[in-house]
Each structure stands twice: as structure tokens, then as C-alpha cells.
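Undergrad: got a sequence here, can you model it:
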Amino acid sequence: MTVSRDPDVVWTLRRGLCAGTIAALTAAGAFAATATAQVQLVPTPGADSGTQQQQPEAPTLSAPEGIAVESLDSVDAESVGALSGADALSPDLWQGLNRASIAALIDGLPSRIYYPAARDLARRLLLSAASIPPPDGDPPISVLRARVAALARLGFAADAAGLAASGSGALTGMDGKRVLAEAQLSALDLPGACGTAAGVGPGAADTFWDKLLAFCQAVAGQGEIASLSAQTLLDLGEEDDLYFSLLDSLALGLGAETDGMTAGGPLHYAMLAVTEAPVPEDTDDSLILSLAAQRGDDLGLAEQAALRGLISAEILAERYEAERFRDSAFDTPLEVLDRISRPAARALIHQVLPRWDLPALKAEAIAAAIRISREDGVLLATAPIFAEQTRAIPATSDLVWFAEDAASLFYATGDIDRARQWHGLLRSAADTDAQAAAGDARLWHLAVLSGESGGALGRSRRGWAAAIEAADDRGAGRSSYLLGLVDAAVGGNTMSSDADLRAAAMAAPAELGTGSSALTLHLLARAALADRLGEAGALSLAALAAAPPGDIAPQSVIAVVRTLQSVGLEGTARRLALESAFLTAQPTPQSQ
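TA: This is a model prediction of the structure:
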């Protein structure tokens, strides 16, 4: 088939088809069932899809008497943000960097971010309003485009769409419009994405727009036109097996074949969401992984998605609840844990806990869940689920053997009051129970990182090193790492003299783990010295992505914690240190 590629001909065809497509989408509500969290970015276009939508005029604000208002140096759409109050980072977070450097840092943010504290930092970094230096090149580099694309890549779909809407005036040209459309697709706002496609001018060389328009046509029920568009793309040499399979499914009512295909990007994500086709295994795309985790029956995949923050702990708990077991498994669940997969074992524990009334039985099951979660490297994902179930267990003296696990769980998930209840149980038994005294000591670093202070910590600290180092043959290396974390996060280890710290450092054995690149750590130190918050935050995220939690070199984590502390992100530094310490300090197993 021969199709004219004359820009005016293509533009005429595109405008005519897209106007009908969007009208049909709007009238039929074709996407409403799928877009449960839809973010409307632009008014739904009418017949004239190319008409510019007038933006509402911003209100004029005046500050109350005695309140100073500080404007951003560069007041333009590039600087917009979506956070306020304590959540927003400083407006000068990118000081000392040109646009190219800022964009390079944002473009390089890893999609795999495992620590909840680090994921929260990434979101704040990308959504905070901040001064951007004036353009210094032609064409000018758009930091906003990089921010929106990074949010979508990390799985923050609604945030990406909202930021794109706030700064739509800066998303110009083909690259800017594509970022906007992909943000809309990430948020499953198909009317918005189709409207953006309709507004693209003639002569667009990027076949993305043709593919998006054909998708819009198929969803709007214009199957024949969509098939014709797809054939044109094939004739022009477009190679995207998954796209064409999903489009055929929509346009022709065929079953989508996705086995062995590669999935990635917002367009694939939206098409998979609409068609409900099986998600291909070959993908590391955050949005598509979250879709697969919610839809499929692979518990291991769901745990990995939760570990990366792509699905919530509540969704993972629902997946655990949906797992099916034989009735006999509930008779002696702890005895079958070694005969089923580890994700299934955690699901079985999750299901059996509400069936049991005895606190001691519940505690034994949760202790087993913590152990196997730590061994498998998914403890940060499962901790909120089992912490919720631990709340039903009273902190009584007959459960002192469980107190260390319970306190650790609550320290790590931010329930400090309950953590201190269980920690207090250990302290009250420490004078007469050697195991309780050791458990109290092993919780010292978590208590310090959570903000606790007072004389009770002094006693814990005195026995801390011995208790940690007695755990296993790696105990000495573990204790030196934890001391470094506390020193980096708190800004000084108040329970040790400088001489004690130096002596411990001189005697510390080598630590295992995959280190961050030397260049990353070098630039991280430079950013900290120059107090460049944005650069320090972005490089910290890159350093933490060197390996999954538990495998990353301790010195890399300490360098990140120290850097975040030095640039004013004390809360994030402590949270990160607490999360890492929770994974690292594996206590001696205790039995009832």
C-alpha cells in the first residue's frame, strides 16, 4: 500500500479522524471504567481539535502582614511544582548547576528505588518548585520535560500528569507535546492524550503520534480506520509487535498475543490496561510491572513491585489473601512453610493469623514471616503488612521472647509508640533475663535513629556491640556499619567518644556488598561540600540503586546518609538509616 507522506495531507487526515475519535470517546465514556484515577489535564476538545485552550488567569496573592514572600528567580512554567509546606524542598535546590546538568541528573534517576525513604525523596525532588537557570543553548533544554518523564518512569503516574498540566505552557514542540501525551497515558487519561495528539501540527516525523491516534480510533469504536492506520504503519516499516497485537485486539476483537514480546513505555501500558491482555514477562517498566503485579498470579512479582513502591502494601496484602491453599495447610501452617515457595509461605502466614486467637501462636508466625522476608530481601515490602497484624498482639511479659521482633517491626514502619512499648518490655526483664538484655541492646541503634533519648539508652548501648557481634561470624562488620549509620544520620554518636569511634574503625573488618561507582561517590561528596541539595539528592538515589537493599555496600549507604544530613534533609537521612539498619541488624533467633 502506498500512502502519501505529504505533511498537509497527513495533517488533514489526522485532524479529521481525531476529532471524531475524541467526540466518540467523550460521548461514550469509553475509558471511564479503566481510568479510575483519571486526571483531566485539558478540557475535552471539540470538533476543532487544533484550537488552543485558554488557561485560567492565576489569582493575585498578597501575604498577611509580617509574612515575607520570596519569588523564584526564574518565574516560568519550567519552575512549577506541586508540593507545599514541609513536603516541598527548597526553591534553590538546583543552585550552582546549569540546565544541562540538572536534566542529566533527572534523566539518570534509577527506576528501581527500593528504600521507601529514597522513593519519597525522588518524588519530592521532582515535584518541588525550584528556580531554573535561563536557557543557555539552542534549542533550550527543558528541565520540566525531564521531570515529567522521570515521574512517569518511576511509576508516579498521577504526579506526572498533574505536573505536566501545571507546566503545560513549557511543554512545547514535538518533544514537549510527547512528554505531555505520555504523562496523560501514564495516568490513563485517554481523552487528554488523544486531545494532545490532535493538537500536534503537520509534519510530525515521530510515528508515536500515528500510533497513538490509531489507538484512540480503536478505543472509540472506529476499528476499520484504526486497522487502516496500523497497516500504513506496517507498510512504512514500523516494528512493534506488541503494539500491533494489542491494536488488533481492540480494532478487530481478536485475542491479543503477548508471549515473548517486549513491553515498555506509557503507550504500551495504556493499551495493556484497556485490553486487559496478559502482561509480557520481558519488561522492567515501572507502570507495566505494577499492572502485572495487580493482575497476575505471581506473588514473587507482586512482592518485587511492592518493594519498588509500585503497588501499596494493601494491594500486596490483597494478593496474599487471594492465594489458595489446601485446607490441610491451615492445620499446621508453620510445618509446611519449607515445602512451598517463600512468597506462598508469607501468604499462608498472612491468611492464618486472623484464624488464631492465641497471641503466642500469632507471634510465632509473625517471627517466621520476618525471618524469611529478611532472608529473601523483601522485608521492606512485607513489614507494613505484618506490622499491621502485630498490632493485635498485646505486649505482655509472657511474650518477651517476641519483643525484639515486634519492636524492630514498629520502629521500621514508624509506629514509635508501639515500638517503645515492646522495647520497654525487654528493658523491664533485662535484669533477670540475659536474652531480654541482649534484645534490649540490639535495639539501641533503631531507638536512636527513631529519635529516642534518655538514660535507658545508655544501658542498651553498653551491651550493644557484644550483642550484635555475638549474632554470627559477620557480627563485627555489622556493628561497625551500624555505628557508622548512627553517626552519619544523627550527626554524632553521643554514646561514644571520638576515641572510641576511631578505635572501632581501626578494628573493623572488611564489609561485603556491591559498592556504588567511585565517580558517583566522588560527585556526591562534592555536592555535599557545595551544599547543592538537588544534585546531592539525585546522586544519592543513583548510589542507592547500585544493588538491592541488603546487598549494597555499607559504605555507599553511609555516604548517602551523611550527604543527606549535611544538605539539610535530616528527616530523610534518619529514615533511610533506620530502614537500612532494620534490614542489616539480624538478631539472634529466639524461640518461645
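Undergrad: just give me the neighbour total for Ala518.
TA: Look at Ala518: counted by other C-beta atoms under 10 Å, it has 8 neighbours. In this view, the C-beta of every residue, glycine as well, is placed from N, C-alpha and C.
Undergrad: how close does Ala122 sit to Arg308?
TA: To Arg308, Ala122 is 11 Å away according to C-beta to C-beta, to the nearest Å.
Undergrad: what do the two both touch?
TA: With contacts defined as C-beta atoms under 8 Å, 6 or more residues apart in numbering, the residues adjacent to both Ala122 and Arg308 are Ile113.
Undergrad: show me the helices in the stretch 151-300 of the chain, by range?
TA: Secondary structure of the stretch 151-300 of the chain (DSSP state H, counting those that start in this stretch): helices at 157-166, 173-186, 190-198, 208-219, 223-235, 241-252, 266-275, 286-295, 299-307.
Undergrad: any chance of those in JSON lines, plus mean pLDDT and mean neighbour count?
TA: JSON lines is the format used below for the helices of the stretch 151-300 of the chain (pLDDT from 0 to 100; neighbours: other C-beta atoms under 10 Å):
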{"stretch": "helix 157-166", "mean pLDDT": "95", "mean neighbour count": "24"}
{"stretch": "helix 173-186", "mean pLDDT": "94", "mean neighbour count": "24"}
{"stretch": "helix 190-198", "mean pLDDT": "94", "mean neighbour count": "27"}
{"stretch": "helix 208-219", "mean pLDDT": "94", "mean neighbour count": "25"}
{"stretch": "helix 223-235", "mean pLDDT": "93", "mean neighbour count": "18"}
{"stretch": "helix 241-252", "mean pLDDT": "94", "mean neighbour count": "21"}
{"stretch": "helix 266-275", "mean pLDDT": "96", "mean neighbour count": "24"}
{"stretch": "helix 286-295", "mean pLDDT": "93", "mean neighbour count": "22"}
{"stretch": "helix 299-307", "mean pLDDT": "95", "mean neighbour count": "22"}
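Undergrad: could those helices go into CSV alongside distance to Thr332?
TA: Listed next are the helices of the stretch 151-300 of the chain as CSV, based on distance: least, C-beta to C-beta, whole Å:
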stretch, distance to Thr332
helix 157-166, 43
helix 173-186, 46
helix 190-198, 50
helix 208-219, 51
helix 223-235, 55
helix 241-252, 45
helix 266-275, 41
helix 286-295, 30
helix 299-307, 21
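Undergrad: what's the closest of these to Lys362?
TA: helix 299-307 (21.5 Å; C-beta to C-beta).
Undergrad: and the closest one with helix 286-295, angle?
TA: 130 degrees (axes from the mean of the first three to the mean of the last three C-alpha atoms, to 10 degrees).
Undergrad: so which elements touch helix 299-307?
TA: Judged by 3 or more C-beta pairs under 8 Å, 6 or more residues apart in numbering; DSSP states H and E, helix 299-307 is in contact with helix 286-295, helix 313-322, helix 342-352, helix 379-390.
Undergrad: got the contact list for it?
TA: With C-beta under 8 Å, 6+ apart, helix 299-307 has contacts from 114, 289-290, 292-294, 296, 311-313, 315-316, 319-320, 323, 341-344, 346-347, 377-378, 380-382, 548-549.
Undergrad: give me the buried subset of those residues.
TA: By neighbour count, with 16 or more other C-beta atoms under 10 Å, the contacts of helix 299-307 hold 114, 289-290, 292-294, 311, 313, 315-316, 319-320, 323, 342-344, 346-347, 377-378, 380-382, 548-549 as buried.
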